[in-house]
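[1] generate coordinates for the sequence data below:
(chains A, B, C and D, ligands or ions: 2)
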Amino acid sequence: MTRYTSATDSDRQAMLDAIGAGSIEELFDQVPAEVRLDRALDLPDGLTETECFDHLAGLAARNAHADAEVCFLGAGMYDHYVPAIVDAITQRSEFLTPYTPYQPEVSQGGLQVMFEFQTAISELTALPVSNASLYEGPSSVASAAYLAIGATKGRRKLVVSRGVHPHSCETLRTYAKGFGADVVEVGLDGGVTDAAELAEAVDTDTAAVFVQNPNFLGAVEDLEALAAVAKEAGALTVAAVDPLTLGVLRPPGESGVDIALGEGQSMGGRLDFGGPSFGFFAATEEHLRRMPGRIAGETTDADGRRGFVLALQTREQHIRREKATHNICTSQALNALGGVIYLAWLGRQGIVELGELMARRTAYARERLAGVEGVELLHEAPVVREFAVRLDAPVDEVLDRVAEDGIAAGYPLAREYPEYEDGLLVAITERRSKEDIDRLADSLGAAIGALRTHTVQKAPIPEEVAS
Amino acid sequence: MTRYTSATDSDRQAMLDAIGAGSIEELFDQVPAEVRLDRALDLPDGLTETECFDHLAGLAARNAHADAEVCFLGAGMYDHYVPAIVDAITQRSEFLTPYTPYQPEVSQGGLQVMFEFQTAISELTALPVSNASLYEGPSSVASAAYLAIGATKGRRKLVVSRGVHPHSCETLRTYAKGFGADVVEVGLDGGVTDAAELAEAVDTDTAAVFVQNPNFLGAVEDLEALAAVAKEAGALTVAAVDPLTLGVLRPPGESGVDIALGEGQSMGGRLDFGGPSFGFFAATEEHLRRMPGRIAGETTDADGRRGFVLALQTREQHIRREKATHNICTSQALNALGGVIYLAWLGRQGIVELGELMARRTAYARERLAGVEGVELLHEAPVVREFAVRLDAPVDEVLDRVAEDGIAAGYPLAREYPEYEDGLLVAITERRSKEDIDRLADSLGAAIGALRTHTVQKAPIPEEVAS
Amino acid sequence: MTSGTALSPPSNADTPTAQQRERATTIFERSVAGRRAGSVPKTDVPERSLADLIPANLRRERPPQLPEVSEPEIVRHYNRLSRRNFDLDTGPYPLGSCTMKHNPRLNERVAALPGHARLHPAQSPKRAQGALDLMWRLERSLSEICGLPHVSLQPSAGSHGELAGLLLTRAYHEDRGEERTRVLTPDTSHGTNPASVTMAGYEVVKVATDERGGVDLDDLRSKIDESVACLMLTNPNTLGVFDENITEIARVVHASGATLYYDGANLNAIMGRSRPGDMGFDIVHVNLHKSFSQPHGGGGPGAGPIAVSDRIEPYLPVPRIVRSEGGNGASPAYDFDYAQPKSIGRLRGFAGNFGVFVRSYAYIRSLGGDGLTEASETAVLNANYLLAKLREGRAGRYLPVAFDRTCMHEFVLSGAPAKRELGVKTLDVAKRLLDFGFHPPTIYFPLLVDEALMVEPTETETREALDALAEAFDEILAEAESDPEIARKAPYTTPVRRLDEASASRHPVVRQAL
Amino acid sequence: MTSGTALSPPSNADTPTAQQRERATTIFERSVAGRRAGSVPKTDVPERSLADLIPANLRRERPPQLPEVSEPEIVRHYNRLSRRNFDLDTGPYPLGSCTMKHNPRLNERVAALPGHARLHPAQSPKRAQGALDLMWRLERSLSEICGLPHVSLQPSAGSHGELAGLLLTRAYHEDRGEERTRVLTPDTSHGTNPASVTMAGYEVVKVATDERGGVDLDDLRSKIDESVACLMLTNPNTLGVFDENITEIARVVHASGATLYYDGANLNAIMGRSRPGDMGFDIVHVNLHKSFSQPHGGGGPGAGPIAVSDRIEPYLPVPRIVRSEGGNGASPAYDFDYAQPKSIGRLRGFAGNFGVFVRSYAYIRSLGGDGLTEASETAVLNANYLLAKLREGRAGRYLPVAFDRTCMHEFVLSGAPAKRELGVKTLDVAKRLLDFGFHPPTIYFPLLVDEALMVEPTETETREALDALAEAFDEILAEAESDPEIARKAPYTTPVRRLDEASASRHPVVRQAL
Ligand SMILES: Cc1ncc(COP(=O)(O)O)c(C=O)c1O
Ligand SMILES: Cc1ncc(COP(=O)(O)O)c(C=O)c1O
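    Ligands and ions are numbered 1, 2, ... in the order given. Okay, here's the model as predicted:
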């Protein structure tokens, strides 16, 4: 008997008698002999709880996590503080264990949370309608493409800025195969999307233009200008936005964007090595009935009481099947709950203060690093929480050295941006103090210095450099 | 406004208006000027949640805890595994935040837990009545003395075995001053209480005899024999017992003991550097109305439903005041809840298996260490979860060296048992594997070896030792 | 007993409960200007006006109207809200196809360890070896359980896994120069199946079900040809029965060159007893939030790893996890591999729902191979026991089982007789169950069965709980015999009573007006 | 609003609620032979029969009848039980003298850090410097807040602190060769005060209260003499008023050579505003589970540190925490000091409720000096506001405040008029409040006040919550005007209705029969 089951031998016997079966074996007779597994699974024996805990703790101990390092890693997920009340509330069985609220009368807690979540996202993005979450950021971008193709009566071209997160671009390409759509990329100029190139790329077969703000290199885009280009051609504008910058940055809804979406991890989510988090998805009114995912709506009960239900289910797979607006079923409700608790905790003043603090610290960090020998800025565009630099030494080696000082310096751009082979992306949150930033600058400087002289010994080079 | 209050300036003004006061100052007019603090408290400024977390995490990082070391420390508190469900349940607001159940109609959860706890302790100790917890172990011993003095019509002598936890003896002495009682100690013989010396010490003025099982040196006492001596003289026998040994050791209730009590930490409690934990207290029927602390009792409501209340409150301070059987008010309800969850988790089979595992590993560890050069047993009496050895090297220096191997080898006896200046107490739990024990033996051997040769260099000594 | 209803619940709404008396109030409605919970550290760098940092036209003018509330208000608000949910720790939750098994809290504890919860996804694999090792071990475990050699953990849920599987199918055929356009799914299939097919750019073709509840072989043979890319099956299927013709089905499908896809939502019936790989499936998705105890969270998070055969392997999503044996005694090293020329690419950011992997890996290690097998055996035992108990009572007459044979881990009842003879619909029975303290089964699915009730008790329910559930069904039908209105107007005791779902869609109100 | 009762609750018990329909079933009654949750690792050392290890006469024959239940059953049992409690996160909890303020979850988080929760008390101080540092910092903070130089954190709760204070008093007098036998306490004092006096071997002598609610100075003067060891006071006292004569009282007491003891249960009224030390108190206990946000846990754990003056310091319990400045830039070192010849000794094992210290230290650091002061100011504001609101309504007539003056953090009403004019006792009002979703105030204490209701809202309640509470009082009294039976038979909506406490004491059943 496993510790999670309760059928004792005598239970089992009594139950088999009630069933009228001689053995459990018999219940499996319907499984044809040729597809029965006639051996035990080749897996380790079960562990007691204490052994299992020790084993998992042993694995965890082999990871350099953000409490063990000073973490400047970002690239879509950020080390923001998760308020204790987020864990305390999301760990309550009443939120942790239920299924999707198919029985609204006993799911008002979860449904009201979705309604509050939709309201919060709508406020952040300044767009009227929001769903109750999608899987995460990049796949939400692909879902927006599916909506756009439907909304534009089968236009099949998707124009993507190179400033959009590489994971989003790659995911979009993967999905586009299924959509039978082409993905066309538009480059950057001075760190931001090249508006001229965009204008050329967009045509009457373009279903949507995809941009990100701040973009992957941390640069703040002029959403309004880019959206105007799309609208011109009758294409939708889809903007992936960073929710915690929306206290200070102009919201997509006020910039002509049709669909705003993004990664929700920074709003009260754990880092969790990349998941689970949640994606958010907001749009203009006209797209409501094409939205992917669950949407909670307000209604009344038989006695006229206010209540909440899953609205517009006719969009969904369990009703509309092959005609559904999306195939998503299980989403990320618990993470979205964490998100709305976080936003309530941060509040109307906090979201602005946080944005301002990040903008100021990011400006400081950017200047501080630019002052380091062997470091230069990759672009000069305005930034609020993340910025890119170039290093005059092999990035991976620099990162290894800096790691020895207990610092994760940033995200190397080489793999996804070969053109920035020497690029490094550095992220700032309210947890990274001036002191941390100064430590980073010193450690970077030392590492680059060491590696350069190191190189010197390897190959002969002009004096002026050597000296 | 602190983050835990909600009165904004306008709230404050509106409230003052309703009160008819001009200012908050005014509300404090009743505090005479000469005792008003006319300056700000000299304390650091408030911290944001993330700063406060980082500060506390910084302090915690300076402690060598039981996940960072292999822990053989015991001496009353033990590194047993705490099942995850204990934390999950005790952290629910419904258990975490209420006050003592003065309003039983809305406290049935807590009251039923007390009732279940009392049942579990009664089963463990084989005594019919139990209270719902006391502060912790040693002060429970002192509380038993208070009961005994009352129960024996003012006898004023308290006879204590040297095998009782030193913290309990010292606490008993502290309280005895208030009781106007004398504490007389009885020594050990071969690791266990000297029965002959006990027989001499006990007389017709003796209110109670105090023993511990297993005793502080880990030895299993013959409770029945000791209790007989007390009964002979009309004194009560009070036994401090280790709850997790009661699956294998004869329970106090079957050994003629009148009051069984003890430290509850090992039953699902955190180490917490010594507290909070809980004390348990069980007795024979006749002492029910003299018991200290809360007791839950079964009753019925107006409609005849089963329910639970605080029973026998006329024993307690809030009713009987100076005539109360004890002064305790706030006790350790939440820790006791953890205890009953733990016991339900461990269950009827588990409590026996755990006792057997500890007995076997302790026997192995004892033999393994006895085989180490420079280590010998302090006594040969039977043991189940802890045992004492003598080291042929300065104990504190040995501990420091072993600590460098990431091992907390045990509890040094010197301070509390000068006669065992070279003594070390080693504890075993289900978390200490054979491999851990072997590591301990090797590390101890190495440390003692090093320190001895070390001594050699210091002072000239006979060849045979040197060689 | 566990259900906790000694007496039967009220059959009218004369006395509203405390929760019913309370008007639903959102956190936004509790907002009072100036209140706050969280606070942000003071600026420790040179004060700079934002104007110097962000051009005016890119700045926000009015802040978003997030709630202004103190921390105690937030905690109280969500604690009170939580009590308006029915959850797994309240009572039985026999929601068919959802495998609502116990969620071990140990898994929550290990997932919360800083080494897991605080690990940044952009951390260099060199410094995240524990995480990659764990993922590797989970891949290997799922491979053994599914009987297929290769695994990708990346998909975020079952439907994501389905889409992955269909895109893999597309890549596989295209790589072989084949243009296939249609995907077959049984009429009993879950809605995500056809929806995924469409998203993957294929046309859905339904296959009929035979009188045993399995795939109608003749219909299958008549529809399969070179234009068919894939057959998606669930086995045991959504009727809770195992398709005895599975080997023949696989033969037919493979003969046509199509792939055979296994929807793993029902894997909980057969762990250690039978393996999709051995049945001939090419691609399997596993719902870690079903068979592997990841809590459902009120609608996620979950994870939908996929296991595939050798011929599908080259197309798996990137990044893959690769292991290199550490020479002479050194422990093996793990890394992400992005260089897979034939890969379909990414399905999402980073490497998947790692936090879910931790929980499910802990679950697999806790039970071990034998434990998983016992879990499936007990799930099947519980389902058949509950079915037997129901048959004994009025359900036998009014809610007969749709396919009268031994079931696997779940079974489907038809409420048609109850509707006909008592005038009580499946919906009514479900709502009335709420008053008895039970979560209802899945209803009106599969579509094939008239007035369907799909019941899956799972292995973690006790026999007493199943008895109580059967009794509740019987009492509800007894009530209906004397007064069908009771069920028709149910529920009476829930925080709100029957809700008007139609109007919520006709005139959608999807956010709090501020 | 927070109270969550838009409509008034039922005034009869015709329809039992779901919880009321459920028979209370203990975990022992759920036990089924052979079931289990936890498991113990297999023996990895040589198998030995117990007989070889423990002599037969010392071994247990029949195992204790602990429950035999699976983990899911345990989780469900206690989750369901938990919902039979009213808690701070459900609604207002104005329990006088108990300071039911918000419990920050941050404190739970930092207390759970392995460096705290997993630290063994027998760890060498050398390897527990963080813990000793934290305790030292907490001692210093409490010293500043209380205005007394020395602190011991050891006592486990308030009453433990009281006993400590009285034993300190005894040691102090005996050390000076004095034999004192009596201790004075006001008739308004909390029950633990006289109980502690008796346990410390002293005789209790009551001091009267004057018409302002303070100590009757004449009565005090008449009773004080060389036989008096101590005067125990609470200030603000249990009537919620500050004793304006405190300086004179201190003068009188000290003139007689007695010590002055401060019961810190009401410290939440004056933090940063006034300090017991400055009032002349020699010994103070602080309830960390009241003013310093340690959750009450349904009756503990708490902690009752004591702060004392120089003349009492030599007698403080051991171990003490000592700090030695680390020479030239090294950080200071902390240790336990056991060598205190005049110490009263230990009051318990190890060094106190460390886990509580962590929470309260986190609370103090979160608020800072100004925050603590604001907390007290808001607590006093909330109490006076609620009192004003009550006065406006029927409570003004039926539940008048006992001492008509500005209150501090709490106030005491007298239900005498309600009893006389409406035939509704304080108990009835309290029970009816439960139906309205509020926890009642403390009742029938202090004894001095006829039919007392002691109300302490604390600083963390919102103005809206206080308004709702005042409304509920008013509605209850309105109901009583028309039909007193409603309150007399209340509550109607709680998991159980009024319980027979008398019989539970007459025929005590204190454990589950097995
Ligand atoms: C049979 C079946 N297939 C697929 C799914 C979809 O899985 P998910 O919700 O994880 O996307 C479900 C979930 O209910 C299901 O029951
Ligand atoms: C005024 C007063 N003094 C003393 C105490 C006793 O404190 P504790 O419960 O912590 O022992 C209390 C607790 O209610 C109290 O209110």
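[2] residue of chain C closest to ligand 1, please.
    residue C:158 (2.4 Å; C-beta to the nearest ligand atom). Using the backbone N, CA and C atoms, a C-beta is placed for each residue, glycine as well.
[3] kindly state the pLDDT recorded for that residue?
    Reading off the per-residue confidence, residue C:158 sits at a pLDDT of 98.
[4] for chain C, which segments count as strands?
    Using DSSP state E, the strands found in chain C span residues C:150-152, C:182-186, C:203-207, C:228-233, C:259-263, C:283-285, C:306-308, C:320-324, C:333-337, C:411-414, C:442-443, C:452-455.
[5] let me know the secondary structure of residue A:449.
    Taking DSSP: H, G, I helix; E, B strand; the rest coil as the rule, one finds residue A:449 in the helix state.
[6] quick check: it vs residue A:442, distance?
    Residue A:449 sits 11 Å away from residue A:442, taking C-beta to C-beta, to the nearest Å as the criterion.
[7] and residue A:363, by the same measure?
    Going from residue A:363 to residue A:442 by C-beta to C-beta gives 19 Å.
[8] tell me which of those two has more neighbours.
    A direct count of neighbours by other C-beta atoms under 10 Å in any protein chain shown for residue A:363 and residue A:442 places residue A:363 higher, at 22 against 15.
[9] the more buried one reaches residue C:49, doesn't it?
    No. Under the contact definition of C-beta atoms under 8 Å, residue A:363 does not touch residue C:49, with a separation of 11.0 Å.
[10] so which bits of the stretch 101-250 of chain C are right by chain D?
    Residues of the stretch 101-250 of chain C lying near chain D by C-beta under 8 Å from any C-beta of the partner chain: C:102, C:104, C:105.
[11] which residues in the stretch 51-200 of chain A form strands?
    Secondary structure of the stretch 51-200 of chain A (DSSP state E, counting those that start in this stretch): strands located at A:70-71, A:129-130, A:157-161, A:182-186, A:188-189, A:192-193.
[12] in a markdown table, list those along with mean pLDDT.
    Formatted as a markdown table, the strands of the stretch 51-200 of chain A follow (pLDDT from 0 to 100):
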| stretch | mean pLDDT |
| --- | --- |
| strand A:70-71 | 98 |
| strand A:129-130 | 98 |
| strand A:157-161 | 98 |
| strand A:182-186 | 98 |
| strand A:188-189 | 98 |
| strand A:192-193 | 98 |
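[13] would you format the ones you listed as TSV with distance to residue B:46 and mean neighbour count included?
    Below are the strands of the stretch 51-200 of chain A laid out as TSV (distance: least, C-beta to C-beta, whole Å; neighbours: other C-beta atoms under 10 Å in any protein chain shown):
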stretch	distance to residue B:46	mean neighbour count
strand A:70-71	24	24
strand A:129-130	35	25
strand A:157-161	44	26
strand A:182-186	49	18
strand A:188-189	44	18
strand A:192-193	40	26
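[14] low-confidence regions, the stretch 1-150 of chain A specifically.
    Along the stretch 1-150 of chain A, the parts satisfying pLDDT under 70 run over A:1.
[15] again, 90 this time
    Within the stretch 1-150 of chain A, the set of residues satisfying pLDDT under 90 comprises A:1-3.
[16] rewinding a little: so which of the strands of chain C is nearest chain B?
    Using C-beta to the nearest C-beta as the measure, strand C:333-337 is the one of the strands of chain C that comes nearest chain B, at 24.2 Å.
[17] name the helix or strand for residue A:343, please.
    Take DSSP states H and E as the rule and residue A:343 turns out to sit in helix A:333-370.
[18] next, the buried residues of that helix.
    Neighbour counts using 16 or more other C-beta atoms under 10 Å in any protein chain shown place A:333-366, A:368-369 of helix A:333-370 among the buried residues.
[19] just stretch C:369-382 next, same as before
    Judged by neighbour count (16+ other C-beta under 10 Å), stretch C:369-382 contains these buried residues: C:369, C:371-382.
[20] do stretch C:391-409 and chain A meet?
    Yes. Using C-beta under 8 Å from any C-beta, a contact is recorded between stretch C:391-409 and chain A, made by C:405, C:406, C:408.
[21] residue 114 - how many residues pack around it?
    Using chain A. Under the criterion other C-beta under 10 Å, the count of neighbours that residue A:114 has is 30.
[22] you looked at the wrong chain, it should be chain C
    19.
[23] what's near enough to touch it?
    Counting by C-beta atoms under 8 Å, 6 or more residues apart in numbering or on different chains, residue C:114 makes contact with A:60, A:65, A:66, A:67, A:68.
[24] got it, and residue C:147?
    Applying C-beta under 8 Å, 6+ apart to residue C:147 gives the contacts A:37, C:275, C:276, C:277, C:278.
[25] quick check: nearest residue in space to the residue of the stretch 351-467 of chain A found nearest ligand 1, chain neighbours excluded?
    Residue nearest to ligand 1 within the stretch 351-467 of chain A (C-beta to the nearest ligand atom): residue A:416, separated by 28.6 Å. When the adjacent residues along the chain are set aside, residue A:416 lies closest to residue A:166, with 3.9 Å between them (C-beta to C-beta, 6 or more residues apart in numbering or on different chains).
[26] hmm, stretch C:445-460 touching chain B?
    No. Using C-beta under 8 Å from any C-beta, we find that stretch C:445-460 stays clear of chain B, coming within 13.6 Å at best.
[27] which residues in the stretch 351-467 of chain A form helices?
    A:395-404, A:434-458, A:463-466 (DSSP state H, counting those that start in this stretch).
[28] which residues of the stretch 51-200 of chain A lie near chain D?
    Taking C-beta under 8 Å from any C-beta as the criterion, the stretch 51-200 of chain A approaches chain D at residues A:51, A:83, A:84, A:85, A:87, A:88, A:93.
[29] okay, these in TSV with distance to chain B and neighbour count next?
    Putting those into TSV (distance: C-beta to the nearest C-beta, whole Å; neighbours: other C-beta atoms under 10 Å in any protein chain shown) gives the following:
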residue	distance to chain B	neighbour count
A:51	9	20
A:83	6	27
A:84	7	21
A:85	9	27
A:87	10	20
A:88	7	24
A:93	8	23
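[30] inside helices: which ones of these?
    Mapping those onto helices (DSSP state H) picks out A:51, A:84, A:85, A:87, A:88, A:93.
[31] list the contacts of the residue of the stretch 351-467 of chain A found nearest chain B.
    Using C-beta to the nearest C-beta, the closest approach of the stretch 351-467 of chain A to chain B is made by residue A:431 at 6.0 Å. Contacts here follow C-beta under 8 Å, 6+ apart; on that basis residue A:431 touches A:71, A:79, A:80, A:81, B:50, B:54.
[32] show me where pLDDT drops low in the stretch 201-350 of chain A?
    Counting by pLDDT under 90, the stretch 201-350 of chain A has low-confidence residues at A:314-320, A:323.
[33] and the residue of it that's closest to ligand 2?
    For the stretch 201-350 of chain A, the nearest residue to ligand 2 under the criterion C-beta to the nearest ligand atom is residue A:345, separated by 31.1 Å.
[34] thought residue C:72 was touching that residue, still the case?
    No. With contact taken as C-beta under 8 Å, residue A:345 and residue C:72 are classed as non-touching, separated by 11.7 Å.
[35] how about the residues of the stretch 301-450 of chain C by chain B?
    Selection of the stretch 301-450 of chain C residues close to chain B by C-beta under 8 Å from any C-beta yields an empty set.
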